[in-house]
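**Q** A predicted structure for the sequence below; I have some questions about it.
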Amino acid sequence: MEQFLFVEKYRPKTVEETILPERLKTSFRDFVKNHNIPNLILSGGPGVGKTTIARAMLEELDCDYMIINGSLNGNIDTLRNEIKDFASTMSLNGGRKYVILDEADYLTTATQPALRNFMEEFSANCGFILTCNFKHKIIEPLHSRCSTIEFVFTKQERLELAAQFYKRIRDILTKENIEFDKNAVAEVVKKYFPDFRKTLNELQKYSVGGKIDSGILTDFETVQLKQLIGMMKEKNFTGIRKWSVEAEYDDTTLYRKLYDASANYFTSQSIPTLVLILSKYMYQSAFATDKEINTMACLAEIMIECEMK
C-alpha cells in the first residue's frame, strides 16, 4: 500500500537526495562518513524531512532500525515492550541498532522519563533519534542525552528549498504521467511549503483523474475544514490535535473560517453560542502563552456546547 503513496514511493534514500539546506546536510553527511550517529532530537514543523533524513542516514549505513509513532503508540507499555524486544538483541550485521521515535513531543511527561531510562539501559547496543514539532515539549533529561538539530530555515534557504521542492514535484508528476498546470502546482507548493509531505499528498489526492488544474486551489480549504468538522463530530481529540498542528491556518484564521462556514456545519440554534466561543478565544489568543492549547480548548468547548449538522 505504501508504494502507492507518492511520499513513500519517492522518499529520498540517501542524504544527498534530501531537500535540506547545505549546512544541515553537512552535519548528516559527517554522521554517515564517520559511521557514528549520536542520539538526536530533530526539531521542526511537520513534513520538513525529519524522519526522511533519519531513515536515509540509517539506510546508507545499513543499520537495523524500527520506527515508533509517539502520537499513536506512546504509552509506557508499548514503548517498554517494543523497544526492549528490539534493542536487547544484537543486529544481524553486528552494527548498532536505532529507534526512530516520531512525534516524540506527543509523549506525556510520565512516559518521557521511561524513555530516558530505556536510552540508558540499551546505550551500548542501540541509539535513538527523536523527531518533534515542538522541542520545548521534550523534557530536559532527554535533551541532555541527545544532540538537537533544528529544521529552521533562513529566508535565502527557503527560496532555494522552494525551488528544489517545485522541481522535485514536477519530476514526480511527469514520471506518473499526470498532466499539470505549472502555475497551479507552484501555488500549491507556496501554500504548503515547507511541508513536502502534505504538498505531495494533496497533489496526489487531486490528481486521481490524471490532471491537476487551477481548481485544486479552491478545493483545499473546503476539504480541510470538512475534515476538522468530521473529527469534531466523532470527538476524535487526537485527530483534531494532529490536524491543528499540520493545518496551514494560524489560530485566528481558523476561528474566522469556522465563523464564515458556521451556517454550513452548525445548527441555527447553535450559531450564537459558536460566535461567543470564537470571540472569546480570538481575544484570548493575543495573550495565550501556548496557542495550541488555546486552540484545542476552543475546539473542545465547541464540541461540548454546539450542535453540528
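**A** Alright, I've got the coordinates. Residues are numbered from 1 along each chain as shown.

**Q** in stretch 182-196, what counts as buried?
**A** When neighbours are counted by 16 or more other Cβ atoms under 10 Å, the buried residues of stretch 182-196 are found to be 184, 185, 188, 189, 191, 192, 193, 194, 195, 196. (C-beta placed from N, C-alpha, C; glycine too.)

**Q** phi, psi of the last one?
**A** Spelled out, that is residue 196. Backbone dihedrals for residue 196, given as degrees, to the nearest 10, come out at phi -60, psi -40.

**Q** how about the spatially closest residue to it that is not a sequence neighbour, secondary structure?
**A** In space, residue 196 comes closest to residue 47 once its chain neighbours are excluded; the distance is 5.3 Å by Cβ to Cβ, 6 or more residues apart in numbering. In the three-state summary, residue 47 is assigned as coil, counting by DSSP: H, G, I helix; E, B strand; the rest coil.

**Q** My read is that residue 47 contacts residue 198, right?
**A** Yes. When contacts are counted by Cβ atoms under 8 Å, residue 47 is listed as touching residue 198 (5.1 Å).

**Q** for the buried residues of stretch 182-196, which one is nearest residue 115?
**A** In terms of Cβ to Cβ, no member of those lies closer to residue 115 than residue 195, at 26.3 Å.

**Q** Distance of the closest one relative to residue 82?
**A** Residue 195 is 28 Å from residue 82, where distance means Cβ to Cβ, to the nearest Å.

**Q** Equivalent analysis for residue 300, please.
**A** For residue 300, the distance to residue 82 equals 31 Å [Cβ to Cβ].

**Q** Helices along the stretch 1-150 of the chain, start to end?
**A** 6-9, 22-33, 50-60, 76-87, 111-121, 140-143 (DSSP state H, counting those that start in this stretch).

**Q** between these, which one is nearest to residue 150?
**A** helix 22-33 (9.1 Å).

**Q** Quick check: the closest residue to residue 298 other than its chain neighbours vs residue 302, distance?
**A** With sequence-adjacent residues excluded and distances taken as Cβ to Cβ, 6+ apart, residue 298 is closest to residue 281, at 3.8 Å. Plainly put, residue 281 is 9 Å away from residue 302 if you go by Cβ to Cβ.

**Q** again with residue 225
**A** Computed with Cβ to Cβ, the distance linking residue 225 and residue 302 is 13 Å.

**Q** Please enumerate the shared neighbours of these two.
**A** Taking Cβ atoms under 8 Å, 6 or more residues apart in numbering as the contact criterion, the residues that touch both residue 225 and residue 302 are residue 258.

**Q** Residue 296 contacts residue 244, doesn't it?
**A** Yes. With contact defined as Cβ under 8 Å, residue 296 and residue 244 form a contacting pair (6.5 Å).

**Q** Mutual contacts of the two, please.
**A** Any residue near both residue 296 and residue 244 by Cβ under 8 Å, 6+ apart counts here, and not one turns up.

**Q** Now do the contacts for the closest residue to residue 40 other than its chain neighbours.
**A** Here the nearest residue to residue 40 in space, its sequence neighbours aside, is residue 129; by Cβ to Cβ, 6+ apart that works out to 4.7 Å. Residue 129 makes contact with 37, 39, 40, 42, 54, 98, 99, 100, 101 under the criterion Cβ under 8 Å, 6+ apart.

**Q** Check residue 265 too.
**A** Counting by Cβ under 8 Å, 6+ apart, residue 265 touches 225, 229, 258, 308, 309.

**Q** pLDDT at it, what is it?
**A** pLDDT for residue 265: 92.

**Q** Quick check: which element contains the residue nearest to it when sequence neighbours are not counted?
**A** Spatial nearest neighbour of residue 265, excluding adjacent residues (Cβ to Cβ, 6+ apart): residue 229 at 4.9 Å. When elements are defined using DSSP states H and E, residue 229 is found to belong to helix 216-233.

**Q** Now tell me what touches the helix or strand that that helix is followed by from outside.
**A** The element immediately downstream of helix 216-233 (helix or strand, assigned by DSSP H and E) is helix 237-246. Where contact means Cβ under 8 Å, 6+ apart, the residues beyond helix 237-246 that reach it are 46-47, 71, 133, 195, 198, 227-228, 231-232, 254, 292, 295-296, 299-300.
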